[in-house]
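Asks: Let me see the structure of the following:
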Amino acid sequence: MHDIQICSRLSVSNWYSVTKLYINANIEEILQFKNTLVSKNSFENLSANRSKGSSSLLYSETDEFLLKHDFKPITEIEEIRKVSRVIVLGTVKRVCTNFSWYYWGCKSCHKKVDEDIMMNTELNDGSNGKKMVVCSSSICNNKVVSVLPRY
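Replies: A predicted model of the protein is given here:
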């Protein structure tokens, strides 16, 4: 496992064609994240926009998604014969970092950053500091960059 500083903004995806991830709401960090969204009126604006000109019952985005789609166990996915949207419930038990299901990408140019150009900075006391990542793409030209996991 690499000790790399990851720089990214938290966001919520609301497009049905991408993977959705619902996280246990009883985790302190998740509750804090939800509170920041509510404090920015994100959910209130969404509900207000949906209710204009509509007399129908309003559901939250999560409820609406869950009501519109069938639940399927992962073992039944290969049996689906027509294009459809389904909900598969799963639990992430661990993340395997020695298998390349993702790669480290440069935050500036989005190119892959190879592990051999990730280097430690040495501090004055001889100990290792934080890892530095150098992007060798023609756009970044060997400058130190921030990385994001990409897949």
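Asks: which stretches of this structure have low pLDDT?
Replies: Low-confidence segments of the chain (pLDDT under 70): 1-25, 37-62, 92, 95-101, 115-131.
Asks: Contacts only, for V113.
Replies: V113 sits next to 103-106, 133-136, 145, 147 when contact means Cβ atoms under 8 Å, 6 or more residues apart in numbering. Just so you know, the C-beta spots here come from the backbone N, C-alpha and C atoms, and that holds for glycine as well.
Asks: Quick check: closest non-adjacent residue to V144.
Replies: On the basis of Cβ to Cβ, 6 or more residues apart in numbering, the spatially nearest residue to V144 that is not a chain neighbour turns out to be M132, at 5.2 Å.
Asks: and the one you found, that's in a helix?
Replies: No - with DSSP: H, G, I helix; E, B strand; the rest coil as the criterion, M132 is located in strand rather than a helix.
Asks: what's the burial count for D114?
Replies: Neighbour count for D114, taken as other Cβ atoms under 10 Å: 13.
Asks: Pretty sure it sits against S136.
Replies: Yes - shown here, D114 and S136 form a contact pair, counting by Cβ atoms under 8 Å, at 7.4 Å.
Asks: now the contacts of V113: which count as buried?
Replies: Among these, those buried by neighbour count (16 or more other Cβ atoms under 10 Å) are 104-106, 133-135, 145, 147.
Asks: just to revisit the earlier point, farthest pair in the contacts of V113?
Replies: Farthest apart among those by Cβ to Cβ are Y103 and V134. That separation is 15.5 Å.
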